[in-house]
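[1] Starting from these lines, generate the structure:
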Amino acid sequence: MTRVDFYLLSTTTAHDREKFACRLTEKAWKSRHKVYLHSHSERETEQLDKLLWTFRPESFIPHETIESGDSGLSPVLLGCHEMPQLSAHDVLINLAPEVPSFFSRFERVIELINEDESIKSAGRERYRFYKTRGYALETHKIA
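    Residues are numbered from 1 along each chain as shown. All right, here's what the predicted structure looks like:
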């Protein structure tokens, strides 16, 4: 069954939330996981694409967007649409306000919640969704 982790960030900015998503993506990739970074919009996907190249000067995370095609070779995919069925990615980092319909195909789902009221409210709804369906939930407070 899919494991769901909620990371509670003590910041209100979208940029800090996206930067933390990049850090988690890098950590998962270095642990040999394949990551799908799911965002709310194409604009947010483009921002994440750029941020993955710049969030740390010494980092390198091989990635591509779903729009450029899932070759199956990239360990990190970014997108705001349905995940391709053929992909072997095992970690979903969700930055969208809703639970993606395809979340259960992943071994692990990561939800990032910050102090922004709209993000917190949508995060509470997602937490209830997972909890009422019996998913294993863990919460991590990040200062």
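[2] ok, the residue nearest to Tyr127 when sequence neighbours are not counted to Pro62 distance?
    Spatial nearest neighbour of Tyr127, excluding adjacent residues (Cβ to Cβ, 6 or more residues apart in numbering): Phe6 at 6.4 Å. All C-beta atoms are positioned from the backbone trio N, CA, C, and that covers glycine. Taking Cβ to Cβ, to the nearest Å as the measure, Phe6 falls 27 Å from Pro62.
[3] More neighbours: those two, which one.
    Taking neighbours as other Cβ atoms under 10 Å, Phe6 and Pro62 compare with Phe6 leading, 19 against 10.
[4] List the contacts of that one.
    Neighbour list for Phe6: Glu111, Ile113, Gly123, Tyr127, Leu137, Glu138, Thr139, His140 [criterion: Cβ atoms under 8 Å, 6 or more residues apart in numbering].
[5] same deal with Glu26?
    Counting by Cβ under 8 Å, 6+ apart, Glu26 touches Arg56, Ser59, Ile61.
[6] One more pass at 6 Å, please.
    Glu26 sits next to Ser59, Ile61 when contact means Cβ atoms under 6 Å, 6 or more residues apart in numbering.
[7] Would you mind giving the secondary structure of it?
    Taken by DSSP: H, G, I helix; E, B strand; the rest coil, the conformation at Glu26 corresponds to helix.
[8] I figured Ile66 hits Gly79, correct?
    Yes: using Cβ atoms under 6 Å, Ile66 is in contact with Gly79, at 3.3 Å.
[9] Please identify which of those two sits among more neighbours.
    Taking neighbours as other Cβ under 10 Å, Ile66 and Gly79 compare with Gly79 leading, 21 against 18.
[10] how near is that one to Tyr127?
    23 Å.
[11] thinking again about what came up before, need the contacts of Phe6 in JSON lines with neighbour count, pLDDT and secondary structure, can you?
    As requested, the contacts of Phe6 are exported to JSON lines (neighbours: other Cβ atoms under 10 Å; pLDDT from 0 to 100; DSSP: H, G, I helix; E, B strand; the rest coil):
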{"residue": "Glu111", "neighbour count": "23", "pLDDT": "98", "secondary structure": "strand"}
{"residue": "Ile113", "neighbour count": "20", "pLDDT": "97", "secondary structure": "strand"}
{"residue": "Gly123", "neighbour count": "20", "pLDDT": "98", "secondary structure": "helix"}
{"residue": "Tyr127", "neighbour count": "18", "pLDDT": "98", "secondary structure": "helix"}
{"residue": "Leu137", "neighbour count": "14", "pLDDT": "97", "secondary structure": "strand"}
{"residue": "Glu138", "neighbour count": "11", "pLDDT": "97", "secondary structure": "strand"}
{"residue": "Thr139", "neighbour count": "12", "pLDDT": "97", "secondary structure": "strand"}
{"residue": "His140", "neighbour count": "10", "pLDDT": "97", "secondary structure": "strand"}
